[in-house]
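Engineer: Turn this into a structure:
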Amino acid sequence: MTTIAVDCMGGDHGASVTLPACRRFLDQHPQARLVLVGLPDALAGMSDARVTIVAASEVVGMDDSIEVALRRKRDSSMRVAVQQVRDGHAQAAVSAGNTGALMAISRYLLKTCDGIDRPAIATQLPNARGGATTVLDLGANVDCAAEHLLQFAVMGSALVSALGDVTQPTVGLLNIGEEVIKGNDVIKKAGELLRAAGRAGDLNFVGNVEGNDIFKGEVDIVVCDGFVGNVALKATEGVAAMIGGFLRAEFSRNPLTRLAAVAAYPVLAAFKRRVDHRRYNGAALLGLKGLVFKSHGSADQLAFEHALARAYDAARNNLLDRVQARISHAAPLLAGQAPAA
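Structural biologist: Predicted structure coming up:
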């Protein structure tokens with residue numbers, strides 16, 4: 001059995017979304033157990049042989065500062081959920097709460113892996129090949145040094161190899177062009193480090209990639225700083241909303257355009273489903289000595305269920321051990337030592 005701790009109070013909707021999603025998740029995963037953390041009244045009636053209820057007296061708000069979440073709300077549902085991982089009661093934790101607060105609490109309670117300066121947020125974005133491209137960082141680190149981008153690449157490779165069953169996933173460095181001479185000083189230095197990691201056998205680095213390559217599926221992993229990654233994520237979410245708005249608008253027009261929309265609907269609906277960000281919900285906080293997954297704050301039941309499934313798959317496939325093994329293998333490079341010739 002694999003046990004997932006759930007912050008049931010986090011996000012824009014709290015228990016009204018998380019609890020139904022948990023019920024659906026349990027129905028689909030008979031080998032899973034859940035530790036549900038939240039206000040006792042909110043969790044009343046959630047009884048199941050595979051569910052453990054853990055009470056928390058506080059909730060981290062979406063607008064709470066890191067100081068409030070970390071220092072003042074010490075019995076929040078978010079913190080107690082992460083504590084379940086630290087104390088060995090769960091293999092992973094999931095929260096839709098405040099991203100900054102979740103990262104700060106997770107770093108404080110679980111600590112970072114040796115050789116990792118900054119944890120990163122990684123998730124999948126749909127690509128034209130019918131699969132998904134893993135992108136990191138998605139917002140945890142706005143300003144990154146070249147060494148951080150190397151660390152992200154190592155951790156992302158472990159994530160994809162664990163969840164995607166790819167032994168040597170390809171890694172690309174997001175840049176304004178494929179040429180080695182392109183980019184600012186940080187990107188150029190990161191490219192040098194990634195090429196050295198490739199020669200040392202720590203990464204399958206293929207070079208620079210551009211923004212459109214994320215959605216072409218040219219590489220398995222795209223590495224970038226958190227500012228750029230977050231913009232790419234939000235742009236993807238906007239595509240599904242745009243298509244949905246287009247379909248609604250065309251069905252409301254005159255009979256001729258409505259007829260054309262009906263003819264095109266199956267193709268457009270299938271495309272909308274492919275780029276539906278809810279199906280890719282559940283971003284991993286990589287680099288911690290424990291598994292934590294971040295759900296989108298506005299997640300509905302379907303999206304939160306997918307986040308639970310992502311955490312479950314990561315725990316079941318020993319993602320934490322694989323990340324630590326990759327980091328250990330790349331330790332000389334991460335410490336700034338040149339690889340052997």
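
Engineer: Could you identify the helix or strand that succeeds the helix or strand hosting T134?
Structural biologist: When elements are defined using DSSP states H and E, T134 is found to belong to strand 132-136. Using DSSP H and E, the helix or strand that follows strand 132-136 in sequence is helix 146-163.

Engineer: what about that next one, distance to the chain center?
Structural biologist: Centroid displacement of helix 146-163 relative to its chain, using CA atoms, centre = their mean, to the nearest Å, is 13 Å.

Engineer: just stretch 187-195 next, same as before
Structural biologist: When C-alpha coordinates are averaged (CA atoms, centre = their mean), stretch 187-195 and its chain have centres 24 Å apart.

Engineer: Buried residues, that stretch. List them.
Structural biologist: By 16 or more other CB atoms under 10 Å, the buried positions in stretch 187-195 come out as 187-191, 193-194. From N, CA and C alone the C-beta is placed, and that goes for glycine too.

Engineer: Closest to G97 out of those?
Structural biologist: A190 (31.1 Å; CB to CB).

Engineer: how many neighbours does L26 have?
Structural biologist: 18 (other CB atoms under 10 Å).

Engineer: got the contact list for it?
Structural biologist: 32, 34, 48, 50-51 (CB atoms under 8 Å, 6 or more residues apart in numbering).

Engineer: ok, of those residues, which come out buried?
Structural biologist: 32, 34, 51.

Engineer: Filter the residues you listed down to the ones in strands?
Structural biologist: When the buried ones among the contacts of L26 are checked against strands (DSSP state E), the matches are 32, 34, 51.

Engineer: The first one contacts Y312, correct?
Structural biologist: Yes: using CB atoms under 8 Å, A32 is in contact with Y312, at 5.6 Å.

Engineer: Now the common contact residues for the two.
Structural biologist: Residues touching both A32 and Y312 by CB under 8 Å, 6+ apart: 2, 4, 25.

Engineer: which one among the residues you listed gets closest to R107?
Structural biologist: I4 (20.0 Å).

Engineer: Doesn't the closest one lie inside a strand?
Structural biologist: Yes: per DSSP: H, G, I helix; E, B strand; the rest coil, I4 lies within a strand segment.

Engineer: Output the below-cut-off pLDDT ranges for the stretch 51-200 of the chain.
Structural biologist: Along the stretch 51-200 of the chain, the model assigns pLDDT under 70 to no residue.

Engineer: can you give me the strands in it?
Structural biologist: For the stretch 51-200 of the chain, the strands defined by DSSP state E, counting those that start in this stretch cover 51-55, 92-95, 120-126, 132-136, 170-174.

Engineer: ok, the residue nearest to M155 when sequence neighbours are not counted - how many residues close by?
Structural biologist: Spatial nearest neighbour of M155, excluding adjacent residues (CB to CB, 6 or more residues apart in numbering): L286 at 4.1 Å. Residues within reach of L286, counting by other CB under 10 Å, total 30.

Engineer: Equivalent analysis for N318, please.
Structural biologist: 14.

Engineer: Give me the nearest residue to the residue sitting nearest the centre point of the chain, chain neighbours excluded.
Structural biologist: Closest to where the C-alpha atoms of the chain average out (CA atoms, centre = their mean) is A283, at 1.3 Å. With CB to CB, 6+ apart as the criterion, A283 has its nearest non-adjacent residue at 3.8 Å, and that residue is T123.

Engineer: just so I have it, where are all the helices in the stretch 201-341 of the chain?
Structural biologist: Assigned helices in the stretch 201-341 of the chain, in chain order: 211-216, 226-251, 255-274, 301-316, 319-329, 331-334 (criterion: DSSP state H, counting those that start in this stretch).

Engineer: can you tell me which of those the model trusts least?
Structural biologist: Of all those, the minimum mean pLDDT falls on helix 255-274 (a mean of 65).

Engineer: check contacts around the nearest residue in space to A15 that is not next to it in sequence.
Structural biologist: Leaving out its chain neighbours, the residue that sits closest to A15 by CB to CB, 6+ apart is A42, at 4.2 Å. Neighbour list for A42: 8-9, 14-15, 19 [criterion: CB under 8 Å, 6+ apart].

Engineer: Check which helix or strand A42 maps to.
Structural biologist: Using DSSP H and E, A42 falls within helix 40-43.

Engineer: Just the buried residues of that helix, please?
Structural biologist: 42-43.

Engineer: Beta-bridge partners for V292, please?
Structural biologist: A93 (DSSP bridges).
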